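Colleague: Just to be clear, the model below is a prediction. Sequence and coordinates:
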Amino acid sequence: MSSDYKASKEAFVSGMTGSTVFHINMISGVALSSIALHSALRSRVQAFGSAYLLAEFGILVIPLLLSMTLFAEAPGALSLLLLVPTLVLLLLPPLERGTPLPAESRDELVSPGGRSRAEIPSKQLSQSLRPLPALTTYRAHMMLMTILSILAVDFPVFPRVLAKCETYGVSLMDIGVGSFVFSQGVVSAIPIIKDISYLQAPIIPKLKSVSRKMIPIIALGVLRVVLVKGTEYPEHVTEYGVHWNFFLTLALLPIIEVLIHPVILRIPVGLLGLWIGVLHQFALSSGGMKDFLLNAPRNNIIVANKEGLLSLLGYASIHILGLSLGTVILPPSPSFFRKQQQLLLDGPSAQRPNKLDPSAPRQNAKIVIELMSYSVVWWMLLAFTRLGIDVSRRMANISYILWVAAYNTSFILGYILLDMVFFPTRTSKIRDPTDPSGKRLLIEEKGPKSSAPTLLEAINKNALIMFLLVRLANTISPAFGVLTSI
């Protein structure tokens, strides 16, 4: 590869200062509008038959691409084009899905063996968690926007204000990196919700288990370094450093989480994530790390990768904040995990029966209220910190951490609200028929079963493979001018 080509491509993504938070939110809002249209069609119009997947591609993928290219300067207009037919469809009555048999409508009350869930041992109950279609949709859309940005960033049709910022600023690709980490944190809550005692398990065996799972990602990170250096691939060293890359950051975060499991057990997870971010910001502002990151010459392997190493604590904060959100939206109620924490800390001496069932129907109204509260708090804190600290993905500073938390919490809330609007369910308490005393109450859920779009389900299940293929193609095809972007 010629040095002129490499220099021109590196210059193409250098010196970016980004856009505005409002602009990024409007572009991302197109994803919510596309889901609204898809949900309206699915709940009020019969399936498209053999063209169903093609229709989903047109409704769920094409608008995302348009929002960051042709409609990047007017994403609100694109959202309006999607919302107008959605509102028209809402005038139609919902499709009849049939009346479920009594046994089907109470599947959450009775086990396959005929026993009520109250009679099932807690160890058996802890193996199941109800799927959350809104989370699947959010993760798939986040992956799609990341991939589309990676592929589009090298072309003039992709506005430079959406490319990664040099040091300070907000952009679509900047929020994509943080959202990837936040999303990883959300799903990492699953094992501790299923079995809270996992937090008390010995650290060393957990570290070995998590490290084994991360070996493929670490190997890919190393392989990417070899390919980039071997092909003289155009790269921007101020992103993560000379040798560091996003794969290495992604692989280390679950290991860091395991190391702080004893702390997670004893204090609110959201507060822990916030304090990690504050500690990181203190090191940047008062510990001299900011000046070191911006000005230190890259004269050894540590300093050569200063961005990747110093931002690790900031990304750990984002990961833990994602974990905190996972403990709110994944269990049956927002207080479920906090109650489990208290039960575990009280120990067996408390002699209180563990009646918390992670597979019970979700109390969506309470979850929505809690998410709204978190969203308001994160956005207000972001507004306050930006008065004196500009957003910097390069440093993963406190403003960037709060922006990622506010953005992702708000959009997950949006996906959950859309599910509640188009596929409403209601819960009621009934007496347990297996309890002779008639005092035991169980929760019954009625209404249409929500599910993520088929295309997004497939993307979510194969997200890592898709991401790796895009990154691999991006790395080994410099002749086509595809740039490093995450």
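Modeller: Cool, got the structure.
Colleague: Stretch 258-276: end-to-end distance?
Modeller: 15 Å (C-alpha to C-alpha, to the nearest Å).
Colleague: Report the buried residues of that stretch.
Modeller: Buried residues in stretch 258-276, defined by neighbour count with 16 or more other C-beta atoms under 10 Å: 258, 260, 264-265, 269-270, 272-274, 276. Heads up, the C-betas are built off the backbone N, CA and C, glycines and all.
Colleague: between those, which is nearest Val222?
Modeller: Nearest to Val222 among the buried residues of stretch 258-276: Val258, at 21.6 Å, using C-beta to C-beta.
Colleague: any idea which of the buried residues of stretch 258-276 is least confident?
Modeller: The lowest pLDDT within the buried residues of stretch 258-276 belongs to Leu265, with 90.
Colleague: Identify those among the buried residues of stretch 258-276 that sit within helices.
Modeller: 258, 264, 269-270, 272-274, 276 (DSSP state H).
Colleague: mind giving me TSV with those and columns for distance to Leu91?
Modeller: TSV is the format used below for these (distance: C-beta to C-beta, whole Å):
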residue	distance to Leu91
Val258	52
Ile264	48
Val269	43
Gly270	41
Leu272	47
Gly273	43
Leu274	44
Ile276	49
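Colleague: Farthest-apart pair in those, please.
Modeller: Val258 and Leu274 (20.0 Å).
Colleague: which stretches of the stretch 1-150 of the chain aren't confidently modelled?
Modeller: Counting by pLDDT under 70, the stretch 1-150 of the chain has low-confidence residues at 1-14, 47-50, 97-127.
Colleague: Now for Trp275: which residues touch it?
Modeller: By C-beta atoms under 8 Å, 6 or more residues apart in numbering, no residues touch Trp275.
Colleague: same thing with Val328?
Modeller: By C-beta under 8 Å, 6+ apart, the contact set of Val328 is 334, 337, 367, 370-371, 374.
Colleague: Kindly report the same for Leu135.
Modeller: 186-187, 329-330, 412, 415.
Colleague: most neighbours, which of the residues you listed?
Modeller: Of all the contacts of Leu135, the highest neighbour tally under other C-beta atoms under 10 Å goes to Ile412, namely 29 neighbours.
Colleague: right, and the secondary structure at it would be what?
Modeller: Classification of Ile412 by DSSP: H, G, I helix; E, B strand; the rest coil places it in helix.
Colleague: Not counting sequence-adjacent ones, nearest residue to it?
Modeller: Nearest residue to Ile412 in three dimensions, chain neighbours excluded: Tyr138, at 5.3 Å (C-beta to C-beta, 6 or more residues apart in numbering).
Colleague: mind checking the longest helix of the protein?
Modeller: Longest helix of the chain, by residue count under DSSP H: helix 203-230.
Colleague: That one: how far from the chain's middle?
Modeller: 21 Å (C-alpha atoms, centre = their mean, to the nearest Å).
Colleague: In helices only, show me the contacts of Leu135.
Modeller: Short answer: the contacts of Leu135 in helices (DSSP H) are 186-187, 329, 412, 415.
Colleague: Near the closest residue in space to Leu417 that isn't next to it in sequence, how many other residues are there?
Modeller: In this structure, Leu417 finds its nearest non-sequential neighbour in Val368, 6.6 Å apart by C-beta to C-beta, 6+ apart. Here the count is done by other C-beta under 10 Å, and Val368 has 16 residues near it.
Colleague: From Gly185, how far out is Pro332?
Modeller: 20 Å (C-beta to C-beta, to the nearest Å).
Colleague: just Met372 next, same as before
Modeller: Distance from Met372 to Gly185, by C-beta to C-beta: 20 Å.
Colleague: neighbour count winner among those two?
Modeller: Gly185 (26 against 14).
Colleague: Compile the buried residues of stretch 258-276 into JSON lines and extend it with columns for distance to Met214.
Modeller: Formatted as JSON lines, the buried residues of stretch 258-276 follow (distance: C-beta to C-beta, whole Å):
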{"residue": "Val258", "distance to Met214": "11"}
{"residue": "Ile260", "distance to Met214": "16"}
{"residue": "Ile264", "distance to Met214": "19"}
{"residue": "Leu265", "distance to Met214": "22"}
{"residue": "Val269", "distance to Met214": "21"}
{"residue": "Gly270", "distance to Met214": "25"}
{"residue": "Leu272", "distance to Met214": "22"}
{"residue": "Gly273", "distance to Met214": "20"}
{"residue": "Leu274", "distance to Met214": "25"}
{"residue": "Ile276", "distance to Met214": "20"}
